[in-house]
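*Asks:* Below are the sequence and a predicted model for it; my questions follow.
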Amino acid sequence: AQSVTQPDIHITVSEGASLELRCNYSYGATPYLFWYVQSPGQGLQLLLKYFSGDTLVQGIKGFEAEFKRSQSSFNLRKPSVHWSDAAEYFCAVGVKAAGNKLTFGGGTRVLVKP
Amino acid sequence: DTEVTQTPKHLVMGMTNKKSLKCEQHMGHRAMYWYKQKAKKPPELMFVYSYEKLSINESVPSRFSPECPNSSLLNLHLHALQPEDSALYLCASSPLSKAIYNEQFFGPGTRLTVL
C-alpha cells in the first residue's frame, strides 16, 4: 500500500524568506502526486500536481515542486513567502490501481513571522 | 461548470437530530466521494460512489448514511451523531476513465458541530 510522509509538522518562516516543504512517498510504480493548501476553516485548494513529464512543476500562488524518483520525494518550494501563505499544506499520492485512492500525508503547518 | 458545491457551509446539530449534507457537481463525473477531516489532520476517506453505486465504505458507523440519487448529487444523511463526529466533511468528484488517472476535485466542505 502507498504511504506519504511529511517529516515537518510545523515550519516557521519569516515573510520574504524562502520556503521548502518536504514530502516522501512510498509506492512501487510512478505515483500521481499532489500538493494541497488549506487555510483555517477552509476547504482544500490544489496548488499543483505531477502526473508525468517535466519533473519541475509550477503551480498557483508562486509555488513549485520537484519530483525526484530516486529519492521518492516531491518537495514544495516558494522563493519568497507572503503572510497569506500561513496555512496547512498536504502532500498526497494517487494510485490508479487502488481505485484512484488518494493517500494524504499528515500535513505541515506553516507559520509566517512578520 | 468546474465546481463541486456543498451545502450547508456550516451545520450545528444535537445528538438526536437528523440532518443531511448535500454535494453537487455538473462536470459529468461518475465517481463521488465523502471525506471526514478532523482539525489539524488530513482528510480520511469515508465512502466512494461509482456510477451511483456504493463501491467503498471505509467501515463508517451506520449513523452516517450516504445516498447518490443521480450522477450529479451526493448526500450524507446524519442521525444520532456523537460530539466526536464534529469535523469538516469534504465531498469530491472524479471522472471514471480506465485510460487515465482520475483526479479528484474537492468541494469547500461542510463544517459540522455536534452538541
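*Replies:* Alright, I've got the coordinates. Keep in mind that what you see is a predicted model, and the values were worked out from it rather than measured. Residues are numbered from 1 along each chain as shown, chains lettered A, B, ... in the order given.

*Asks:* Which secondary structure element of chain A has the lowest mean pLDDT?
*Replies:* Lowest mean confidence among the helices and strands of chain A (mean pLDDT, DSSP states H and E): strand A:101-104, at a mean of 90.

*Asks:* So what are the sheet partners of it and their directions?
*Replies:* Paired strands of strand A:101-104, with direction, are strand A:87-95 (antiparallel) (DSSP bridges).

*Asks:* can you give me how far the partner strand is from the chain middle?
*Replies:* 5 Å (Cα atoms, centre = their mean, to the nearest Å).

*Asks:* contact partners of that strand?
*Replies:* Contact partners of strand A:87-95, identified using Cβ atoms under 8 Å, 6 or more residues apart in numbering or on different chains, comprise A:2, A:4, A:6, A:21, A:23, A:25, A:27, A:31-40, A:44, A:47, A:74, A:76, A:100-105, A:107-110, B:40, B:42-43, B:101, B:103-104. (C-beta placed from N, C-alpha, C; glycine too.)

*Asks:* Kindly report the same for stretch A:12-27.
*Replies:* Contacts of stretch A:12-27 (Cβ under 8 Å, 6+ apart): A:2-8, A:11, A:31, A:33, A:35, A:71-83, A:85, A:89, A:91, A:93, A:95, A:105, A:108, A:110-114.

*Asks:* What residues does chain A have near chain B?
*Replies:* Proximity of chain A to chain B, by Cβ under 8 Å from any Cβ of the partner chain, involves residues A:32, A:36, A:41-44, A:46, A:49, A:51, A:88, A:90, A:92, A:94, A:96, A:99-102, A:104-107, A:109.

*Asks:* Can you tell me the closest non-neighbouring residue to whatever residue of chain B ends up closest to chain A?
*Replies:* Proximity of chain B to chain A (Cβ to the nearest Cβ) peaks at B:Pro42, 3.5 Å away. Nearest non-adjacent residue to B:Pro42, counting by Cβ to Cβ, 6 or more residues apart in numbering or on different chains: A:Phe104, 3.5 Å away.

*Asks:* ok now do the one you found, which residues does it touch?
*Replies:* Applying Cβ under 8 Å, 6+ apart, the residues near A:Phe104 are A:4, A:90-92, B:42-43.

*Asks:* List only buried entries from those.
*Replies:* A:4, A:90-92, B:42-43 (16 or more other Cβ atoms under 10 Å in any protein chain shown).

*Asks:* sorry, back to before: I'd assumed the residue of chain B closest to chain A was in a strand, is it?
*Replies:* No: in this structure, B:Pro42 is coil, not part of a strand, as judged by DSSP: H, G, I helix; E, B strand; the rest coil.

*Asks:* quick one: it and A:Gly106 touch, right?
*Replies:* Yes: assessed by Cβ atoms under 8 Å, B:Pro42 is found in contact with A:Gly106 at 6.2 Å.
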